[in-house]
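Got a sequence here, can you model it:
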Amino acid sequence: MLFNSNLFLFAFFPAALALFVFAGRWGNRAQLAAVLCASGVFYAAWDPRFLALLAGSILTNFAIGVILANAVARPTARLARHVLCVGITVNLLTLGLFKYANFFVSNLDALTGTRFFLGHIILPLGISFFTFEQIGYLVDIRRGTTYRPDLLRYAVFVSFFPRLVAGPILRYSEIVPQLETAVPARSRTEDIAVGLTIFAIGLAKKAVLADGVGIYVGPIFGAAASGNPVDFFVAWAGALAYTCQLYFDFSGYSDMAIGTARCFGIRFPMNFNSPYKSSNIIEFWRRWHMTLSRFLRDYLYISLGGNKRGRARRYLNLMLTMLLGGLWHGANWTFVAWGGMHGLYLIINHGWHAAKSRLGFNGNSASLWGPTIGTAVTFVAVVCAWVFFRAPTFASAANILEGMIGLHGATIPAAVLAQLPSSGSFFQAIGVTTTSAEGGKAMQVWIWILALLLLIFLAPNTQEIMAGFNPVLEATTPPSTRQRLFWQPNLKWAIAGGAIAFLGVVSITRVSEFLYWQF
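Sure, this is the predicted structure:
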């Protein structure tokens, strides 16, 4: 059951919200029990066989957390260290069995010539996310954070359905205070209004924008995977179309998750903050999948030593963190390559900052050209890395990238060139040839790309639009301009929100999976 399905929109979500509001008559515990039941139904609707896995994971980690908290309170830290190792091992083994077993076995077969066969292992919904959350919970306890043991609240924290599909990756410390009191009726009204507006914006991003441009991505990457050379304009169209599709798909999902949770009186942390506007790759990772970035930083990069053991070790830690972050996204070497590219980008970025600092050159912060060039370079680097993220094999990724640098030539449909008669000699001079391919589709994908890039770089994001009503846990500040785009609980915005929701609903021609749900 996905957010962009009629079953969720018109059956499950209204019923779950009504049950939550009704349970409020009996207080906070009844509301939590209602949310837990709804989350169980949501998870079972995907595959009821794995509801036991989710329940078992919750009970096991809660028990380990209680034992760990008692061990931390003792004078010696040895037992606590052992308990934490057991907890992390149990979680990683579970994740490895379902997500990486076939990957490791197939690579072992390739290296040794053996023929092990495990069969098809189904990936449980959200296992990467709730595994990371529970590892973070145990590590926080080991580091001295104290929590009052409460199985009901812990179970709601892990299984809360708005973030089960693809995050965000939550911390117990930021969610449990919101679970301790019932939601007052007056606040509930505002929460529902704000939540439904955010959800409607996210649904439109997914169903209208991401799915709209997504139909052009598959054929191009499919042609590359089939071994057909992809020329310059087609390769860039595929890479940019996927860049836009992934942006609005994940941004839309994040909005829908945040909006759904807000209807239940829960604020999630920000998970997506206009990452393509970043002027360097360090800033990009502070804006893209923000809760994953902070998890990798706080629980992996820092655990490896962070930047406290010299520059060389810092760069090694960065690379290891990004390689493992890439592998977390999927059991395929192309994801590892994507992570490695971003690790290299981060090393270059940190090295550049260090070099500027040694030379005493900090640049002119008031200049427009510096940030503009930085944003352009960062965007192109991210687009190139997305090719590995989308391509199923290295060969197909190489096909696209070779096309992007012109190794496969450049062609323009004759029908398009006929509309630009004065440009024919120019294109001929730079080596562009004509093709009999349909010109309409070629123009459509570039119109989509241009329109979406304008939205990405010029329009305010959802947090900025909703900034006056605390849409996320972090403080949000609206831009100083475009006041008409700031949401207010009035008739104008009610009509606008209804129109956006209607557009999103009527654009659902089929249940389209979120690109991040499989991770």
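
Name the spans of the stretch 51-200 of the chain whose pLDDT lies under the cut-off.
By pLDDT under 70, the weakly predicted segments of the stretch 51-200 of the chain are 117-119, 182-187.

And the chain, by the same measure?
Ranges of the chain meeting pLDDT under 70: 117-119, 182-187, 362-368, 419-429, 436-440, 478-484, 511, 517-519.

ok, and for stretch 392-412, which residues are buried?
Within stretch 392-412, the residues scored as buried using 16 or more other C-beta atoms under 10 Å are 396-397, 399-404, 408, 410-412. (Each C-beta comes from the backbone N, C-alpha and C, glycine too.)

Restricted to strands, list these.
Assigned to strands by DSSP state E, the following of the buried residues of stretch 392-412 qualify: 411-412.

Closest one of the buried residues of stretch 392-412 to residue 89?
Nearest to residue 89 among the buried residues of stretch 392-412 is residue 397, at 33.8 Å by C-beta to C-beta.

didn't the closest one look like it was pressed against residue 387?
Yes - in this structure, residue 397 is within contact of residue 387 by C-beta atoms under 8 Å, at 5.1 Å.

so which pair among the buried residues of stretch 392-412 is furthest apart in space?
With distances taken as C-beta to C-beta, the most widely separated pair in the buried residues of stretch 392-412 is 397 and 412, at 24.4 Å.

all strands for the stretch 301-450 of the chain, in order.
Secondary structure of the stretch 301-450 of the chain (DSSP state E, counting those that start in this stretch): strands located at 411-413, 433-435.

now these as JSON lines including distance to residue 203?
Listed next are those as JSON lines, based on distance: least, C-beta to C-beta, whole Å:
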{"stretch": "strand 411-413", "distance to residue 203": "34"}
{"stretch": "strand 433-435", "distance to residue 203": "38"}
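
Out of those strands, which is closest to residue 500?
Residue 500 sits nearest to strand 411-413 of all the strands of the stretch 301-450 of the chain, at 34.6 Å, using C-beta to C-beta.

picking that back up, I'd like the buried residues of stretch 392-412 written out as a markdown table, with distance to residue 329 added.
Output for these, formatted as a markdown table (distance: C-beta to C-beta, whole Å):
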| residue | distance to residue 329 |
| --- | --- |
| 396 | 17 |
| 397 | 15 |
| 399 | 21 |
| 400 | 18 |
| 401 | 19 |
| 402 | 24 |
| 403 | 24 |
| 404 | 22 |
| 408 | 28 |
| 410 | 32 |
| 411 | 33 |
| 412 | 35 |
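
Sitting in helices, which of the buried residues of stretch 392-412 do you find?
Cross-referencing the buried residues of stretch 392-412 against helices under DSSP state H gives 396-397, 399-404.

export those residues to JSON lines and tack on distance to residue 70?
Shown next, in JSON lines, are these (distance: C-beta to C-beta, whole Å):
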{"residue": "396", "distance to residue 70": "52"}
{"residue": "397", "distance to residue 70": "50"}
{"residue": "399", "distance to residue 70": "57"}
{"residue": "400", "distance to residue 70": "54"}
{"residue": "401", "distance to residue 70": "54"}
{"residue": "402", "distance to residue 70": "59"}
{"residue": "403", "distance to residue 70": "60"}
{"residue": "404", "distance to residue 70": "57"}
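
Which of those residues lies at the shortest distance from residue 271?
Nearest to residue 271 among these is residue 397, at 26.7 Å by C-beta to C-beta.

ok now do that closest one, which residues does it touch?
With contact set as C-beta atoms under 8 Å, 6 or more residues apart in numbering, residue 397 has these partners: 224, 334, 337, 387-388, 391.

coming back round to it: and the buried residues of stretch 392-412, which is closest to residue 326?
Closest approach to residue 326 among these (C-beta to C-beta): residue 397, at 13.3 Å.

Let's verify residue 228: helix, strand, or coil?
For residue 228, the assignment made with DSSP: H, G, I helix; E, B strand; the rest coil gives coil.

Now do it: how many residues are near it, please.
Residues lying near residue 228 (other C-beta atoms under 10 Å) number 13.

before we move on, back to that, most widely separated two among the contacts of residue 397?
Farthest pair in the contacts of residue 397, by C-beta to C-beta: 224 and 337, 15.3 Å.

Which one of those two is surrounded by more residues?
The neighbour count for residue 224 versus residue 337, taken as other C-beta under 10 Å, is higher for residue 224 (28 against 19).

backbone phi and psi for that one, please?
Main-chain torsions, residue 224, degrees, to the nearest 10: phi -60, psi -40.

dump the residue contacts of it.
Per C-beta under 8 Å, 6+ apart, neighbours of residue 224: 230, 235, 238, 391, 396-397, 399-400, 403.
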